[in-house]
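Undergrad: Predicted structure and sequence below. I'll ask about it afterward.
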2 protein chains.
Amino acid sequence: MSDRPTLRTVAAEAGVSHQTVSRVINGDPTVTEPIRDRVLSAMRALGYRPSAGARALASGRTEVVGVVLPHNPGFAFSNDHLIRLVQGADQELTTRGYGLLLSTREVPDDPASAYRRFVQRRQVDGLLVEAGAGGDSLRALRTADYPTVVIGYTAEDFTCVHPDDEGGAYAVAQHLLALGHRRIAVIDGPPESRLAMSARMRGLRRAFADARREVPTDLLEQGDFTAGSGYAAAERLLARADPPTAVFAFNDGMALGAQRRLRERGRDMPGEVSVAGFDDTEAADLVDPSLTSVSLHSVDVGRRAAQILLDLLDGRPPAQRENIMPSTLKVRASTAPPAAG
Amino acid sequence: MSDRPTLRTVAAEAGVSHQTVSRVINGDPTVTEPIRDRVLSAMRALGYRPSAGARALASGRTEVVGVVLPHNPGFAFSNDHLIRLVQGADQELTTRGYGLLLSTREVPDDPASAYRRFVQRRQVDGLLVEAGAGGDSLRALRTADYPTVVIGYTAEDFTCVHPDDEGGAYAVAQHLLALGHRRIAVIDGPPESRLAMSARMRGLRRAFADARREVPTDLLEQGDFTAGSGYAAAERLLARADPPTAVFAFNDGMALGAQRRLRERGRDMPGEVSVAGFDDTEAADLVDPSLTSVSLHSVDVGRRAAQILLDLLDGRPPAQRENIMPSTLKVRASTAPPAAG
DNA sequence: CTGAAAGCGCTTACAG
DNA sequence: CTGAAAGCGCTTACAG
């Protein structure tokens, strides 16, 4: 194999200086048309490929963004959300010429953590961090002083992008109230997702308030996003003296677990009990009855986060710190009016 | 902000040459203990962070691996498999000090493709390519002359790693035959996944041959991995004069679609009809009856692929071109002996 | 075991 | 509008 051509090889071939070749590559408008053409054909003829490392060293910018995902092997129900976030971010980054360096760790003191890899080695120009299970690690990234956009909720002072959890929960509650349900149970998510869960709870309360109804506080159950916790919560709800006619689980996994228990207990769905979930995972459309849920448009969230970060890198700071993307209620077969009586 | 410390700053602080600092960073064993300690504390005191770009330029290695995933927004059923592959690869790469540059495109003539990004810009030392929907694009990566490991099947002459599809299908067929099923229908996958599907078909045939039974060729249906195609295939199977007592769909999505149609048609599962899937997606455990399926251990596949690539980069070529990772039959509630008679 | 020299392949001012 | 100079921050031989 012969050596790879460099800027100077191309310059020699085109009969110009290597700076001119650099200008052509970087789209400098001051290069004249004929010169540009000559350089471009020389590049093509030689199969020239710029060295990202040399560019990064000389320019101080890597044109790569780090994406940090939570490292939760058991966090199965969010896998679909995660991959769609990445897909959306990748679309935007690629379009704008940036690379996406991925890490599934966010624990800052783990020697193999993203923090160390991206920040310590200066491999990236900025960071996209999925808030995931822990906001604690965000504080560490803080000190790194890198342009950062958080995907999800954070109590820290970072620019963030997240779905409209409040609006989504409002829509579900409004839907159930409009169907005639009053005894609506809620299966809450785990404390690690407190900020998102509070937003959903706010939406729920607002829907009840707008309907001039009281939230039935005796029907609140705690879950942890697993199907098992939804199953257990359903069991406890069935044991109530005055059981719910509708169950709103704060994610699809718990909703599916609740459905399973209700089915085992012989409850007709949605005839006797309606069930709604959140996140609109693939399974929602596959189970029977198919599950009413809230779509978070994760691809759009990821794309928007990347957009905001790249604008920031280009010197255009975001208008707001908190950026909320619309979510959509998907009504399916698992919700219907309560049985008369 | 003060300027970032460089090798020379650290060298001055520690009272050594910058080469010695470089040696400490790269773990050169010839550096004496006291010198190493002095350098390390100087690095810590100054908050030194090496520049990945400068390293890459000087050493010719980026210590980053490109991971190319198929860009299929509709390819929903493999999302879980994909994210687990990436997770496994990331674990291995991180452990060995490599970064993971991700792209969800593999179309080589797309101006925003992975091919262009990774290869043209020399941002990576090697490539991990998920064979996904198209083996065609692999041919283009070929010309790039990068160390490449394919995840999945390929007709090209690349080192590859894939799950034991043949063994998994063998296990399912053997399980159904052992339960007493003879009329076993198969819902095949789409032509894009031809190589994996052929492997599954081989496993199926081998199980029948080992049991001295004939494969009921009249019960072969074509699907395309969507739940809809499984639903339609089930419909056609129900219309047979001699319908199957068991349905083996070559992915979980089609199996769930088939389950839905069978349920709608009032067939008891698994009483009247057993159903098995493939891939062991999250939904398999959530539906009712829970779905017998084949787990592909995607995390292990991704980890192994990264291992092979990194070994290759270290000058240790793989022992075999084709590397097969074990898959596991997960028996759940959807399969049972056929109704007597 | 450690230092002085050279260079990796670009970009960024600065002249002209 | 284009070229000559300098330097980005490392690593890799090569001496000693």
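TA: Received the coordinates, thanks.
Undergrad: only C-alpha atoms for contact and neighbour calcs from this point on.
TA: OK.
Undergrad: Could I get the contacting residues of A:Glu235?
TA: Taking C-alpha atoms under 8 Å, 6 or more residues apart in numbering or on different chains as the criterion, A:Glu235 is in contact with A:258, A:261-262.
Undergrad: and which of the residues you listed is nearest DNA strand C?
TA: A:Ala258 (57.0 Å; C-alpha to the nearest atom of the strand).
Undergrad: which residues make contact with the strand or helix carrying the closest one from outside it?
TA: Using DSSP states H and E, the element containing A:Ala258 is helix A:252-264. Here helix A:252-264 makes contact (C-alpha under 8 Å, 6+ apart) with A:77, A:187, A:223-235, A:247-249, A:268-269, A:275-281, A:284, A:293, B:286-288.
Undergrad: how about A:Ala42, what does it touch?
TA: A:10, A:13-14.
Undergrad: Write out the residues of the stretch 51-200 of chain A neighbouring DNA strand C.
TA: Within the stretch 51-200 of chain A, the positions near DNA strand C by C-alpha under 7 Å from any atom of the strand are A:51, A:54-59.
Undergrad: Repeat the analysis, applying 6 Å as the threshold.
TA: A:51, A:54-55, A:57-59 (C-alpha under 6 Å from any atom of the strand).
Undergrad: Just put the residues you listed in a markdown table and tack on secondary structure.
TA: Output for those, formatted as a markdown table (DSSP: H, G, I helix; E, B strand; the rest coil):
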| residue | secondary structure |
| --- | --- |
| A:Ser51 | coil |
| A:Ala54 | helix |
| A:Arg55 | helix |
| A:Leu57 | helix |
| A:Ala58 | helix |
| A:Ser59 | helix |
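Undergrad: when you check DNA strand D, which of the residues you listed turn up near it?
TA: Within these, those near DNA strand D by C-alpha under 6 Å from any atom of the strand are A:57-58.
Undergrad: From the contact count, pick out the helices and strands touching the next helix or strand after the helix holding A:Ala258.
TA: Following helix A:252-264 in sequence order, the next helix or strand is strand A:274-276 (DSSP H and E). With contacts taken as 3 or more C-alpha pairs under 8 Å, 6 or more residues apart in numbering or on different chains; DSSP states H and E, strand A:274-276 sits against strand A:246-249, helix A:252-264.
Undergrad: any idea which of the ones you listed is most buried?
TA: Among the helices and strands packed on strand A:274-276, strand A:246-249 has the highest mean neighbour count (mean count of other C-alpha atoms under 10 Å in any protein chain shown), at a mean of 28.
Undergrad: contacts for that one?
TA: The contact list for strand A:246-249 (C-alpha under 8 Å, 6+ apart) reads A:172-173, A:176, A:181, A:183-188, A:230, A:255, A:273-278, A:335, A:338.
Undergrad: Tell me which strands that strand pairs with, and in which orientation.
TA: Strands that pair with strand A:246-249, judged by DSSP bridges, come out as strand A:184-188 (parallel), strand A:274-276 (parallel).
Undergrad: any chance you could map the strands in the stretch 151-300 of chain A?
TA: A:159-163, A:184-188, A:220-222, A:246-249, A:274-276, A:293-295 (DSSP state E, counting those that start in this stretch).
Undergrad: before we move on, back to that, show me which of the contacts of strand A:246-249 are buried.
TA: Among the contacts of strand A:246-249, those scoring as buried are A:172-173, A:176, A:181, A:183-188, A:230, A:255, A:273-278, A:335, A:338 (criterion: 16 or more other C-alpha atoms under 10 Å in any protein chain shown).
Undergrad: hang on, the earlier thing: between the residues of the stretch 51-200 of chain A next to DNA strand C, which is nearest B:Leu219?
TA: Nearest to B:Leu219 out of those is A:Ser51 (C-alpha to C-alpha; 55.9 Å).
Undergrad: what's the neighbour count on the closest one?
TA: Applying other C-alpha atoms under 10 Å in any protein chain shown, we find 19 residues neighbouring A:Ser51.
Undergrad: which residues in the stretch 1-150 of chain A form strands?
TA: A:64-68, A:99-103, A:126-130, A:148-151.
Undergrad: The residue of the stretch 151-300 of chain A found nearest DNA strand D: what's it in contact with?
TA: Relative to DNA strand D, the nearest point of the stretch 151-300 of chain A is A:Phe158 (27.0 Å; C-alpha to the nearest atom of the strand). By C-alpha under 8 Å, 6+ apart, the contact list for A:Phe158 reads A:148-150, A:321.
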